[in-house]
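K.L.:
Got a predicted model here, sequence first, then my questions.
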Amino acid sequence: MAVPEDPFNGKKVIQEDDPIRVMIDNKMNTEEGKELEMELDNKIMAVCSEATSKIVKESIPTGLLKVFPKNNIASMVLTGAKGSLVNMTQISCLLGQQTLEGRRVPRMQNGKTLPCFLPNDPNPRASGFVTDRFLTGLRP
């Protein structure tokens, strides 16, 4: 198994007293900044949802390694015996955008969503978009 790369290798970590960071933090802590952040989150969720839909449309049921009659999970879901298309998608394709209380994963005061991500990381993965699937395992 390959060792994962260091996500901070070669990246500049923003210092607390950086004037640009101070300006952005001051702007984002206003009502206008919170509205802008919510609008950005909604747009990112829409793009991620569209990407997830395209992946599912291409993968299920014809894009699987074993197709319908020979794939037991597909047989259960497509005949209506057990499970749903969401279960099949999460097992075979990807988990997609994870939400908490209807919103993407919120940022903490330091700008991070989780300790393993950089502050204000724009990557969809940093805000809860999971491209892994249950069949092959999830990354931390």
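P.N.:
It's in. Small disclaimer: the values here were computed from a predicted structure and weren't measured. Numbering: from 1, shown residues only.

K.L.:
Could you count how many residues lie near S49?
P.N.:
Using other Cβ atoms under 10 Å, S49 is surrounded by 13 other residues. (Each C-beta comes from the backbone N, C-alpha and C, glycine too.)

K.L.:
where does it land on pLDDT?
P.N.:
S49 is assigned 89 on the pLDDT scale.

K.L.:
Got phi/psi on it?
P.N.:
When quoted as degrees, to the nearest 10, the phi and psi of S49 stand at phi -70, psi -40.

K.L.:
which one is S127 nearest to, not counting chain neighbours?
P.N.:
For S127, ignoring the flanking residues on the chain, the nearest one in space by Cβ to Cβ, 6 or more residues apart in numbering is R104 at 4.4 Å.

K.L.:
Contact partners for the one you found?
P.N.:
Applying Cβ atoms under 8 Å, 6 or more residues apart in numbering, one finds that R104 lies in contact with D41, I44, M45, Q97, S127, G128.

K.L.:
Was I right to think L138 contacts V130?
P.N.:
Yes: at 6.8 Å, L138 counts as touching V130 under the criterion of Cβ atoms under 8 Å.

K.L.:
Need the overlap of contacts for the two.
P.N.:
Taking Cβ under 8 Å, 6+ apart as the criterion, L138 and V130 both touch L95.

K.L.:
Pick out whichever of those two has more residues nearby.
P.N.:
Legend: neighbour count by other Cβ under 10 Å for L138 and V130, higher for V130 (15 against 10).

K.L.:
roughly how far apart are the more buried one and V105?
P.N.:
11 Å (Cβ to Cβ, to the nearest Å).

K.L.:
got any residues that touch both of these two?
P.N.:
Common neighbours of V130 and V105 (Cβ under 8 Å, 6+ apart) are Q98.

K.L.:
Would you mind checking which helix or strand in this protein has the lowest mean pLDDT?
P.N.:
Ranked by mean pLDDT, DSSP states H and E, the weakest helix or strand in the chain is helix 19-28, scoring a mean of 69.

K.L.:
before we move on, the earlier item: can you pick the most crowded of the contacts of R104?
P.N.:
Highest count within the contacts of R104 by other Cβ under 10 Å belongs to S127, 23 neighbours.
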